[in-house]
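K.L.:
this one's structure only:
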């Protein structure tokens, strides 16, 4: 596989794992209920994705970097809703 | 940085993003309430982490592979609870 084809696989994975947060953002925003959401999960995950960005840079993987920047922004939104609607 | 040091950064990120699912598993198991959990989020994420494993293999990144195998197992547990406690 070429580098380009490999990054296509990575970007496909990135879209799926990143898009996964969108229904959760929508659900908590619409219902204004965040009881089932674990704040410690999202805080740990946010620090994790920041570290993944650094790792993606070190190994030169665009997919890892882009996926984690977008995921981090969505997680910040969920953390904001969790603190607002508790 | 050496390859070993880079993988240490990756494994640190992996522990954080993977451990992030543990409180959610515990919370849904203890409360038996899964109302705030989005099933579509976890299904999309599960297909995503399987694809990340393939990508990790293609770029030769142990951190990406290990992180996504463990995350996939935890996500399967959450999906199981969501279907059981609905």
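P.N.:
In hand now; what should we look at? Quantities reported herein were computed from a predicted structural model and do not represent experimental measurements. Residues are numbered from 1 along each chain as shown, chains lettered A, B, ... in the order given.

K.L.:
contacts, neighbours, all on C-alpha from now
P.N.:
Fine.

K.L.:
what lies in contact with the lowest-mean-pLDDT helix or strand in chain A?
P.N.:
In chain A, the helix or strand scored least confidently by mean pLDDT, DSSP states H and E is helix A:21-31, which has a mean of 84. Contact partners of helix A:21-31, identified using Cα atoms under 8 Å, 6 or more residues apart in numbering or on different chains, comprise A:34, A:71, A:74, A:75, A:77, A:78, A:81, B:36, B:37, B:38, B:40, B:41.

K.L.:
change it to 10 Å
P.N.:
Outside helix A:21-31, the residues that touch it by Cα atoms under 10 Å, 6 or more residues apart in numbering or on different chains are A:32-37, A:71, A:74-75, A:77-79, A:81-82, A:85, B:36-42, B:44-45.

K.L.:
select only the buried ones of the residues you listed in PyMOL?
P.N.:
In PyMOL syntax, the buried subset of the contacts of helix A:21-31 is picked out as below (16 or more other Cα atoms under 10 Å in any protein chain shown):
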select buried, (chain A and resi 33+34+35+36+37+71+74+75+78+79+81+82) or (chain B and resi 36+37+38+39+40+41+42+44+45)
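
K.L.:
for chain A, which helix is longest?
P.N.:
helix A:62-84 (DSSP state H).

K.L.:
that one to helix B:62-84, inter-axis angle?
P.N.:
40 degrees (axes from the mean of the first three to the mean of the last three Cα atoms, to 10 degrees).

K.L.:
and residue A:59, how many neighbours?
P.N.:
17 (other Cα atoms under 10 Å in any protein chain shown).
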